[in-house]
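Colleague: sequence and predicted structure below; questions after.
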Amino acid sequence: MNETAARHPNRFLADLTQAMRSTAETARQATIDQCQADAKGYTEKLHARTDDEAASLRKAAEADVSAIRDWSKAEVERIRVETEQRIARRRELLEQELQEYNSAIELEIERVQKRVTGFEEEVGQFFEQLLKEADPTVFASMAAQMPDPPSFSEAERGGLATEIKARREKIMRSEDLLGVEAEAPIALPPAEPIGESAEALAARTARPAPPPKVEVVESTQVVVVGLVSVASIATFKRQLGRLPGVKNVGVSSGPDGEFIFTVGHSTEASLSSLIPTLPNFQARVVSEQDGVLNVSAHDPEAEG
């Protein structure tokens, strides 16, 4: 009786355990199947969304490429315009150099003519005294002292040519043909956030056109007394041209040995205060009236 009661619970427990195991296995498989199904559905969604995102990225990249091309075209046009401006400025400098050469030649010709005239007068006076002498011995002694003709040299004009060449080389090295500092090398615009429209990128990278600048140029005659040599006259002219606000300088000789420098300059430039600062000439403004400055200067070449 007791043995039968002890066996029946053990069998029941064994059957119960087997049933629980079977249920657990079924639940495990169902859980795995559900996980795989969920993963498959999520993967399919990822593939579908990836195609949409890739299309959006391609569209944004094409918009950026188009904006960069527009920027490049604008840069090419800017460089073309600047190139033309630099070429025009260099040709203006050529005209200034030719003016300086022509002025130097004209001044040299005047100097030569004055020296020839002076020599002719000296020889005329010499022969006038010589022909009055009747004593052969005195006549021969006086004839031996006949004045020698003056010598002529292009050394001074050659010095001017060297200075102009050096100045031109300096201008070309510094790329200061427009009177401004050289620009930094051209660089591509920085990378922009993906998806920015071509219009927005072009608007941010476009350079605004500078407003046209209108400058009033005045003309003043600087009448200088005290300059003698061609080299000093050319140097004085060149230094005038380098003063702040001075645009151009021309020179001609006056009737009484003075030299007239016609200076084009901005309205802000004060020539009366700037001219005394010219090195080596000890220039001094004697008077000023009606666009004419009378200046007294020391010729440094006269010391030699």
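Modeller: Good, I have the coordinates.

Colleague: which parts of stretch 287-304 are buried?
Modeller: Residues of stretch 287-304 classed as buried under the neighbour-count rule (16 or more other Cβ atoms under 10 Å) are 293, 294, 295, 297, 299, 300. In short, each C-beta sits where N, CA and C put it, glycine included.

Colleague: wait, stretch 250-261
Modeller: Across stretch 250-261, burial judged by 16+ other Cβ under 10 Å covers 250, 251, 253, 259, 261.

Colleague: just give me the least confident of the buried residues of stretch 287-304.
Modeller: pLDDT is lowest at residue 300 among those; the value there is 86.

Colleague: tell me which of the buried residues of stretch 250-261 fall in strands.
Modeller: Under the assignment DSSP state E, the buried residues of stretch 250-261 contribute 250, 251, 253, 259, 261 to strands.

Colleague: what is the most widely separated pair among those residues?
Modeller: Greatest spatial distance among those (Cβ to Cβ): 250 and 253, at 11.9 Å.

Colleague: for the residue lying closest to residue 139 once chain neighbours are set aside, helix, strand, or coil?
Modeller: Spatially, and ignoring its direct neighbours in sequence, residue 139 is nearest to residue 133 (4.7 Å; Cβ to Cβ, 6 or more residues apart in numbering). Per DSSP: H, G, I helix; E, B strand; the rest coil, the local secondary structure of residue 133 is coil.

Colleague: same question, residue 228
Modeller: When classified by three-state DSSP, residue 228 comes out as coil.

Colleague: and the nearest residue to it once chain neighbours are set aside, its phi and psi?
Modeller: Spatial nearest neighbour of residue 228, excluding adjacent residues (Cβ to Cβ, 6+ apart): residue 299 at 4.7 Å. Dihedral angles of residue 299 (phi, psi; degrees, to the nearest 10) stand at phi -90, psi 110.

Colleague: ok, now which ones touch residue 299?
Modeller: Counting by Cβ atoms under 8 Å, 6 or more residues apart in numbering, residue 299 makes contact with 226, 227, 228, 229, 232, 281.

Colleague: nearest to residue 123, of these?
Modeller: Nearest to residue 123 out of the contacts of residue 299 is residue 228 (Cβ to Cβ; 23.1 Å).

Colleague: where in this structure is pLDDT low?
Modeller: For the chain, the stretches with pLDDT under 70 are 1-9, 153-161, 163-164, 167, 170-215, 303-304.
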